[in-house]
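Engineer: What follows is a predicted protein model with its sequence.
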Amino acid sequence: MLRLYRRHRVSCPHTSERFRRCACPIYVEGSLAGEPVRKSLDLTSWKAASDLIARWNASGEIGTARTEIPDLREAVTKFISDAEARNLEAESVKKIRDAVERTFLGYCERKGFRVFRRLDVDAIREFRNELARDYAPTSARGRLGYVRAFLRFAAESGWIKTNPALAVKAPWRRRSETRPVRRSESDPPEGRSFYAVCSLRARPGPWPGGVIG
């Protein structure tokens with residue numbers, strides 16, 4: 001519990017710690033979330049001091065005012081505005097709108113997610129699964145990357161403590177597996193024939209074995 005009190009100057013005729021109508025400095029003492037405090041607030045207005053302590057209590061931390069957290073739609077709008085303010089290429093902003101505003105926000109609204117506290121790792125993982133079903137791996141990775149950037153923006157803004165998308169792996173594009181043809185006695189006859197044909201030197205006259213192709 002935190003308590004406000006006023007420490008009067010020698011020149012002040014008042015003595016009550018709770019007197020509100022003088023210009024003597026206001027102090028706070030007590031504890032919040034197990035952290036003790038006893039210090040000057042550098043304020044003389046009782047109302048301003050009361051408002052500051054109310055913000056500390058709301059945030060649960062001494063010296064920290066609670067951040068007003070926007071809902072997801074408002075946060076996406078702020079993210080896109082930030083991208084435009086950074087003078088990103090129009091094509092990049094268009095991709096951000098498509099990935100974050102249309103795809104991700106659409107997913108959140110279908111699921112009933114309107115605030116950040118509903119977005120945990122499982123929610124982002126399910127979104128990744130939808131991307132994997134609806135898009136090619138490269139496109140899905142790109143869209144998930146923009147969502148990671150959005151959630152990083154939210155964390156840096158103080159709206160969330162951690163970025164849940166960091167724990168979600170993106171879809172991976174498998175490399176096409178082509179079996180190499182080796183020149184050895186264990187190769188099938190067609191393999192040896194292929195190398196035999198490729199190793200022929202260009203010379204006039206008919207090709208052995210007939211026309212190639």
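Structural biologist: Everything's here; your move.
Engineer: Tell me how far Ala132 lies from Leu43.
Structural biologist: According to CB to CB, to the nearest Å, Ala132 and Leu43 sit 55 Å apart. C-beta: built from backbone N, CA, C; applies to glycine.
Engineer: And for Ala85?
Structural biologist: Ala85 is 34 Å from Leu43, by CB to CB.
Engineer: who has more neighbours, those two?
Structural biologist: Taking other CB atoms under 10 Å, Ala85 and Leu43 do not tie; Leu43 has more neighbours (17 against 8).
Engineer: give me phi/psi at the more buried one?
Structural biologist: With angles defined as degrees, to the nearest 10, Leu43 sits at phi -130, psi 150.
Engineer: For it, which non-adjacent residue is spatially closest?
Structural biologist: Distances taken as CB to CB, 6 or more residues apart in numbering place Ala49 nearest to Leu43, at 4.7 Å, with adjacent residues excluded.
Engineer: Help me confirm that that neighbour is found in a helix?
Structural biologist: Yes. Using DSSP: H, G, I helix; E, B strand; the rest coil, the assignment for Ala49 is a helix.
Engineer: Counting neighbours, what do you get for it?
Structural biologist: 21.
Engineer: The one 4 residues further on too?
Structural biologist: Residues within reach of Ile53, counting by other CB under 10 Å, total 19.
Engineer: returning to what we had before: contacting residues around the residue nearest to Leu43?
Structural biologist: Ala49 makes contacts with Leu4, Ile26, Val28, Leu41, Leu43, as judged by CB atoms under 8 Å, 6 or more residues apart in numbering.
Engineer: For my notes, confirm the third one occurs in a strand.
Structural biologist: Yes. The assignment for Val28 is a strand, going by three-state DSSP.
Engineer: and it, what does it touch?
Structural biologist: Val28 is in contact with Leu2, Arg3, Leu4, Tyr5, Val37, Arg38, Lys39, Leu41, Ala49, Ile53, counting by CB under 8 Å, 6+ apart.
Engineer: again, 6 Å this time
Structural biologist: Taking CB atoms under 6 Å, 6 or more residues apart in numbering as the criterion, Val28 is in contact with Leu2, Leu4, Leu41.
Engineer: residues contacting the second one?
Structural biologist: Translated: Leu4. By CB under 6 Å, 6+ apart, Leu4 lies in contact with Ile26, Val28, Ala49.
Engineer: What of the first one?
Structural biologist: Under the criterion of CB under 6 Å, 6+ apart, the neighbours of Leu2 are Val28, Gly30, Leu32, Ile53.
Engineer: at 8 Å what do you get?
Structural biologist: Leu2 neighbours (CB under 8 Å, 6+ apart): Val28, Glu29, Gly30, Ser31, Leu32, Val37, Ile53, Trp56, Asn57.
Engineer: Now it: closest residue in space, sequence neighbours ignored.
Structural biologist: Excluding its sequence neighbours, the residue lying closest to Leu2 (CB to CB, 6+ apart) is Gly30, at 4.1 Å.
Engineer: Let's test this: name the helix or strand in the chain with the lowest mean pLDDT.
Structural biologist: helix 189-198 (a mean of 47; mean pLDDT, DSSP states H and E).
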